[in-house]
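K.L.:
sequence first, predicted coordinates after that:
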Amino acid sequence: MRFGLQGPSVLHFTDNGAAPNNALFARNANWDWIDALEIDGWVPASRRGAVSGVGLANVKNGYQYVVGLKSAQAQYWTTAATGAWRISKILPGSYTLTVYKGVSIVMTQNFQTD
């Protein structure tokens, strides 16, 4: 179980079935303003990094490939439809990278970010 600051969240309420505003999804929102608040435990964008892969071997049509990064402090997820993938704004640290094909694990690799 993780305690402490887990990052910002967005609650978006609509009425009469109005379409959601895509800018309000947490992954699409602009969080630059929060870096200036100097919140204890918050890591600003300038100290975060990215991890990417140029391809996965033997990608089969009809399957969803998901790439996950996991550490004791954070988790990040993305899809890799064509085999290429990128995860941005990750905290520095040691991660286990896991690639899933449907519900099966395809690959697991440990690595360190700076």
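P.N.:
It's in. None of these values were measured; they are calculated from a predicted model.
K.L.:
packing partners of the lowest-mean-pLDDT helix or strand in the chain?
P.N.:
Least confident helix or strand, the chain: strand 104-112 with a mean of 77, by mean pLDDT, DSSP states H and E. Strand 104-112 sits against strand 94-101, with contacts defined as 3 or more C-beta pairs under 8 Å, 6 or more residues apart in numbering; DSSP states H and E. Heads up, the C-betas are built off the backbone N, CA and C, glycines and all.
K.L.:
name every strand pairing with the strand it packs on and say which way it goes.
P.N.:
Strand 94-101 has its sheet partners listed here by DSSP bridges as strand 65-70 (antiparallel), strand 104-112 (antiparallel).
K.L.:
give me the contact list for the longest one.
P.N.:
What that stands for is strand 104-112. 51, 56, 65, 93-100 (C-beta atoms under 8 Å, 6 or more residues apart in numbering).
K.L.:
grab the CA positions of it and hand them over as CSV.
P.N.:
Only the C-alpha atoms of strand 104-112 are listed here, as CSV (Å, rounded to 0.1, in the frame of the first residue of the first chain):
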residue,chain,number,x,y,z
SER,A,104,-0.1,-13.2,-20.8
ILE,A,105,3.3,-11.8,-19.8
VAL,A,106,5.6,-11.6,-22.8
MET,A,107,8.7,-10.1,-21.2
THR,A,108,10.0,-8.7,-17.9
GLN,A,109,13.1,-6.6,-17.5
ASN,A,110,14.6,-4.6,-14.6
PHE,A,111,16.3,-1.2,-15.2
GLN,A,112,17.4,2.0,-13.5
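K.L.:
which SS state does the most centrally placed residue in the chain fall under?
P.N.:
Closest to where the C-alpha atoms of the chain average out (C-alpha atoms, centre = their mean) is Tyr76, at 3.2 Å. Secondary structure assignment for Tyr76 (DSSP: H, G, I helix; E, B strand; the rest coil): strand.
K.L.:
for it, list each beta-bridge partner.
P.N.:
Going by DSSP bridges, Tyr76 is paired in beta bridges with Leu69.
K.L.:
quick check: it touching Arg86?
P.N.:
No. Contact criterion C-beta atoms under 8 Å: Tyr76 and Arg86 do not qualify, at 10.5 Å.
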